[in-house]
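Undergrad: compute the structure for the input listed below.
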Amino acid sequence: MPKRGKGYKEAVKLIDRQTLYEPTDALGLVLKSARAKFDETVEVHVKLGVDGRHADQQVRGAIVLPHGTGKSVRVLVFAKGPKETEAKEAGADYVGAEDMAQRIQSEGWFDFDVVVATPDMMSVVGRLGKTLGPKGLMPNPKSGTVTNDIAKALEEIKAGKVEYRLDKSNIIHTPIGKVSFGEDKLADNFSALLDAIVKAKPSAAKGQYLKSVTVASTMGPGVKVNPARVGAQN
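TA: Alright, predicted model coming up:
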């Protein structure tokens, strides 16, 4: 266990670890317990009652948060010809094809946060699966990052689009903004994300879908949210 600083220990005293808080109360505690000298990111961690090893129980998608993420997102687009021009005009940070794939493979280059690709470029991008996949950077049609509408994809990503997907423990980890957003904006983003996750419930999922919901800032302790108070449990 890493050694916790005085600020963290003080923050923990604000929170009752046995209590399942209302979403707004939980976010208020996260803001009070954020003691870092930088503008911490607020994240939501959702454990789902599914088994992601089965294709029919996968949960994955993307949503544009009402107030964005507060983060400047660098986008790499794999495209050629007119689509390459469209990507550059739409504000892509990097655009290319085989040259970009080569740069990632040979130089270990990762100065980007999101990868978008036109469908015809997936034969090139597919070769990067073992490199991009573990970092959660592989383009996917479900998250809108494999598309011919490059301009729309870039507009949404720059506006604060976040992807949610299960990790190996069937937990979703997603940022919903910065501490500086304040409680109201974070609450809006929280609701939008959780509504999307609830709507994405696989028909094969049985029993309780939202097992646990926790919110936390980058350096702060987790605050548990009452899952029964989040979205529709059907």
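
Undergrad: from D113, how far out is the closest residue to A196 other than its chain neighbours?
TA: Spatial nearest neighbour of A196, chain neighbours left out: I63 (4.4 Å); criterion: Cβ to Cβ, 6 or more residues apart in numbering. In short, each C-beta sits where N, CA and C put it, glycine included. Distance, I63 to D113, using Cβ to Cβ, to the nearest Å: 16 Å.

Undergrad: looking at these two now, which is surrounded by more residues?
TA: More neighbours surround I63 than the other of I63 and D113, with 22 against 14 (other Cβ atoms under 10 Å).

Undergrad: and this protein, what are its domains?
TA: Here the domain parsing of the chain from automatic domain parsing is 17-68+161-229, 75-158.

Undergrad: a markdown table for these, including mean pLDDT?
TA: As requested, the domains of the chain are arranged in a markdown table below (pLDDT from 0 to 100):
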| stretch | mean pLDDT |
| --- | --- |
| domain 17-68+161-229 | 93 |
| domain 75-158 | 94 |
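
Undergrad: tell me which other helices or strands the longest helix along the chain touches.
TA: In the chain, taking DSSP state H as the definition, the longest helix is helix 183-199. With contacts defined as 3 or more Cβ pairs under 8 Å, 6 or more residues apart in numbering; DSSP states H and E, the packing partners of helix 183-199 are helix 23-33, strand 41-48, strand 60-64, strand 161-165, strand 171-178, strand 210-217.

Undergrad: can you redo these as TSV with distance to G129?
TA: Output for the helices and strands packed on helix 183-199, formatted as TSV (distance: least, Cβ to Cβ, whole Å):
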stretch	distance to G129
helix 23-33	35
strand 41-48	25
strand 60-64	16
strand 161-165	15
strand 171-178	21
strand 210-217	30
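
Undergrad: nearest spatial neighbour of the residue positioned nearest the centre of the chain, chain-adjacent residues omitted?
TA: Taking Cα atoms, centre = their mean, the centroid of the chain lies closest to T174, which sits 3.6 Å from it. Nearest non-adjacent residue to T174, counting by Cβ to Cβ, 6+ apart: Y164, 4.9 Å away.

Undergrad: distance check, the residue lying farthest from the centre of the chain against R103.
TA: No residue in the chain sits farther from the centre than G81, which is 30.5 Å out by Cα atoms, centre = their mean. Per Cβ to Cβ, G81 is found 20 Å from R103.

Undergrad: and if you look at F190?
TA: F190 sits 37 Å away from R103, going by Cβ to Cβ.
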